[in-house]
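Engineer: Need a 3D model of the following:
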Amino acid sequence: MLKKGSKLYSILTGTCPKCQNESMYLDKNPLHLNKILKMHENCSNCGLHYQIEPSFFYGAMYVSYGLNVAIGVAAFIISFLFLGSSLKVAFIVIIVSLLISFPFVLRWARNIYINMFVSYDSKNKLK
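Structural biologist: Prediction:
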């Protein structure tokens, strides 16, 4: 399903969008919250500079907002419409689901944002 060379592969694995051989993050585990946004400066394989311009990843906030809205709407639909819970319980389910998904959304937003600007290059092989 996930093949190297696809945007989805790079987004879900957090690998370099250009060569997809190295993780962009110093710590691959998004649950280590103190290191969640620590990134390498450059890809050691292809040399891509991840911070394309100063404050580049501020744009990922918009992607994060969209992902959080989608998760909140999905949580509401599942809890309120499918499971028939009250509005109060549905609101609590939304808050809990957003808190649980926070570290993943933070990374996915950055991954999606950089993949909007950098494409895979199959000529980048391991050194």
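Engineer: Asn15: what's its closest spatial neighbour, skipping adjacent residues?
Structural biologist: You called it Asn, but residue 15 is Thr. Excluding the flanking residues, the one nearest Thr15 by CB to CB, 6 or more residues apart in numbering is Ser23, at 5.8 Å. Placement of C-beta: from N, CA and C, glycine included.
Engineer: if I pick that neighbour, what's in contact with it?
Structural biologist: By CB atoms under 8 Å, 6 or more residues apart in numbering, the contact set of Ser23 is 13-16, 40.
Engineer: Now the worst-scoring helix or strand of the chain on mean pLDDT: buried residues?
Structural biologist: Each helix and strand of the chain was given a mean pLDDT (mean pLDDT, DSSP states H and E); the minimum falls on helix 7-13 at a mean of 91. Residues 7, 9-11 are the ones in helix 7-13 that count as buried (16 or more other CB atoms under 10 Å).
Engineer: tell me which of those residues is nearest to Ser85?
Structural biologist: Nearest to Ser85, judged by CB to CB, of those is Ile11 at 31.7 Å.
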